[in-house]
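Engineer: Give the three-dimensional model of this entry:
(chains A and B)
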Amino acid sequence: MWPDRRIIDLFKIEFPILLAPMAGAIDAEIAIAVAEGGGMPSVPCALISPEKAREQVKIIRQRVSAPINLNFFCHKAVDADPAREAVWRQRLAPYYRELGLDPAAPINTANRAPFDAAFCEVVEELKPEVVSFHFGLPEAGLLQRVKATGALVMSSATIVREAIWLEENGADVIIAQGAEAGGHRGMFLTDNIAEQPGTFALVPQVVDAVKVPVIAAGGIADGRGIAAAFALGAAGVQIGSAYLRCPESRVIAPARVALGQAMDDSTVITNVMTGRPARGVVNRVMHEVGPIAPEAPAFPHSATSLGPLKQAAEKLGKTDFTSLWAGQAVRLGREMPAAELTRALAGAALVRMSKLAG
Amino acid sequence: MAINTTLTARLGSRHPILSAPMAGIAGARLVAAVSEAGGFGILGGGYGERAWLEQETAKLKTCTAPFGIGFITWSLAKQPDLLHMALAAKPRAIMLSFGDPKPFAPAIKAAGALLICQVQSEDMAREALGAGADILIAQGTEAGGHGAARTTLDIVPAIVDLAAGRVPVAAAGGIADGRGLAAMMMLGAAGVLLGTRFYASVECDGSEEAKKRICAASSGSTVRGVVFDWSRGIFWPAPFTLRSLVNDHSRRWSGREVELMHNIATVTADYVAAREAGNFDIAGVFAGEAVGLIHDIPKAGEIVERITLEAEQILSGRRNSATMSQAVAAR
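Structural biologist: Below is the predicted model:
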């Protein structure tokens, strides 16, 4: 039995396991599978258009009756700085030449649009049960419109101060994102990666600081991790890396190989890929240019100049310039259908908890 | 009420709660208080200050409960005879951290003491088991003081799997209450080792000002690095670094370590003076990421009792979301 049923009851799901909204790595197919397994599906919208988001939700609703978590980035958009772009392009020029590309050719800018009026209309139209944000919360007017649809609002905190801020500003559920987590650090009130605690130090401190339910994220990828998160006072867990190698994910074949070979110490926090700190398996450009490059343009503009390199290298079956976002538990990921994995995770956690109760 | 594990069976303690051998501040008073409350206190032999060790082990002669003595392995290697002084105090266990335990294992075993080895990676765990370790401590980067890079959530199950039931594994790093003990048992650990929580206890020999700073600190106010070690002229072997509370000194030098090195003579002089004066804007308070869970300075025995009670409730399933909401409301 789950010692804390708040998330189960609030989201109306069978198991308190949330599929992490891993933009670029997942789509409706794995969301459906996780829902079928009794977990909470998510639709990451950071890299897709409002039209595509509509389509994804439609597909999920046609196939399964389950709550949906629509996830958005809500960073403050900054214009690209031509001078920094030029320095960055120059830094990457040898790679362009190596791949037979023209370093001076114009490129479409990276499209990581923050949550805006157009996306808000999508939320109002589709009425997802949960709307989650990364990098804080959107401005009050937009947030109010989201809340008016009846959606529960969720966002991530990397330190206690952010959790308190989120609760005060309207979050119904808070994700405590520990340092182990893969992908972008959800931080928005701090920029110091070195001072962000690990999941197990962070979760009980956030639980003590807020009244809303807390979901643990970062480094959790098996039943004992889930059981431990609940012992610390979490009411749910968000899991990403463990799902990356499921057959339903959209991870490309060479990236699957890289993830499969990753060990516990294969991931680092880098700003090279997008300009914001994020944890992933080390690829060539992270290794040679970073992992932290002071000259990387601000989020998301670092990704712009990497775009052509990523495309060209992937055609050759290489992940030299592909983001391999994953957390420290990446080695615990399994090649198993996502529905089965969800049930296996929940089952193992429940067995663990009942064993120690005996 | 007691939580019995393979660790308590081996140590002869009532509870699977160990106090860390914090160099110089985990003295006989703290060790006796923890052990007499049913935990397992470990004396902070640290770098091996002979006079201090002599004085504190003498005090432990009256301690009737089982206790341990800890050393920094690479530093003990410089004056190995200190181990004999420690063993003469008849500890139940010697705890070795940070370095190859092998040269010391025969003497420890011959004296009938247990060998506890703290490890931060699978390779170190293999080395410790090879040397005949009776207990492993899997330490995550959340820990205060010296440690390495991997987190508790990552390293604990990894070492539990590697030990495969041959020896009990205790978890260290980021733990300060019963929730932490319960969580670590869920991960497969047989107990926990706590430093920072016992730092903020009546019997710890740390300064009152340092204890107050621990109570006031919240999550995100610690940092791991080399600044404090270099500032006091101590150079640790890789991969070990030190976690401490963030203060003016760490803010000034973190990220500027090379520059610190160029000014080492003045920095060290200033640092030592500040430490003597109890100026913790410069001197470091070595504490872990669990600082945000610590708000008071109780007796060490009360800490042991609180942790046991809370963990027991969680593990037995008697504490659920309803009672947790009440607990939140009561805070």
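
Engineer: Could you name the specific helix or strand carrying residue A:96?
Structural biologist: Residue A:96 is part of helix A:82-98, with elements assigned from DSSP states H and E.

Engineer: what's that helix packed up against?
Structural biologist: The contact analysis (3 or more C-beta pairs under 8 Å, 6 or more residues apart in numbering or on different chains; DSSP states H and E) places helix A:82-98 against helix A:284-289, helix A:302-315. (Glycine included, C-beta is placed from N, CA and C.)

Engineer: tilt between that helix and helix A:302-315?
Structural biologist: Angle, helix A:82-98 to helix A:302-315, by axes from the mean of the first three to the mean of the last three C-alpha atoms, to 10 degrees: 10 degrees.

Engineer: Off-centre distance for helix A:82-98?
Structural biologist: 28 Å (C-alpha atoms, centre = their mean, to the nearest Å).

Engineer: again, but for stretch A:345-358
Structural biologist: Chain-centre distance of stretch A:345-358: 27 Å, with C-alpha atoms, centre = their mean.

Engineer: list the buried ones in it?
Structural biologist: A:345, A:346, A:348, A:349, A:350, A:352, A:353, A:356 (16 or more other C-beta atoms under 10 Å in any protein chain shown).

Engineer: List the contacts of that stretch.
Structural biologist: A:1-3, A:14-15, A:17, A:38-39, A:222-224, A:226-227, A:230, A:239, A:242, B:182, B:185-186, B:315-317 (C-beta atoms under 8 Å, 6 or more residues apart in numbering or on different chains).

Engineer: Is there contact, residue-wise, from stretch B:179-188 to chain A?
Structural biologist: Yes - with C-beta under 8 Å from any C-beta of the partner chain as the criterion, chain A is reached by stretch B:179-188 at B:179, B:180, B:182, B:183, B:184, B:185, B:186, B:187, B:188.

Engineer: Residue numbers of the stretch 51-200 of chain B in contact with chain A?
Structural biologist: B:140-142, B:149-154, B:157-158, B:173-175, B:177, B:179-180, B:182-188.

Engineer: if we can go back for a sec, quick one, which of the helices and strands packed on helix A:82-98 is nearest to chain B?
Structural biologist: helix A:284-289 (16.8 Å; C-beta to the nearest C-beta).

Engineer: Check which helices and strands the closest one sits against.
Structural biologist: helix A:82-98.

Engineer: Report the mean confidence score over the helix or strand following the helix it packs on.
Structural biologist: Counting by DSSP H and E, the next helix or strand C-terminal to helix A:82-98 is helix A:117-126. Averaging pLDDT along helix A:117-126 yields 97.

Engineer: count of residues packed around whichever residue of the stretch 1-150 of chain B sits closest to chain A?
Structural biologist: Nearest to chain A, among the residues of the stretch 1-150 of chain B, is residue B:142, at 4.6 Å (C-beta to the nearest C-beta). Neighbour count of residue B:142, defined by other C-beta atoms under 10 Å in any protein chain shown: 28.

Engineer: Surely it is in contact with residue A:199?
Structural biologist: No - with contact defined as C-beta atoms under 8 Å, residue B:142 does not count as touching residue A:199 (9.3 Å).

Engineer: Name the residues contacting each of the two.
Structural biologist: Counting by C-beta under 8 Å, 6+ apart, the residues touching both residue B:142 and residue A:199 are residue B:151.

Engineer: where are the low-confidence patches of chain B?
Structural biologist: For chain B, the stretches flagged by pLDDT under 70 are B:1, B:320-331.

Engineer: before we move on, what SS does residue A:327 have?
Structural biologist: coil (DSSP: H, G, I helix; E, B strand; the rest coil).

Engineer: tell me the contacts of it?
Structural biologist: Applying C-beta under 8 Å, 6+ apart, the residues near residue A:327 are A:180, A:181, A:182, A:183, A:218, A:219, A:221, A:240, A:241, A:267, A:279.

Engineer: now the longest helix along chain A, how far from the centre of its chain.
Structural biologist: Longest helix of chain A, by residue count under DSSP state H: helix A:338-357. Remark: helix A:338-357 is offset 23 Å from the chain centroid, using C-alpha atoms, centre = their mean.
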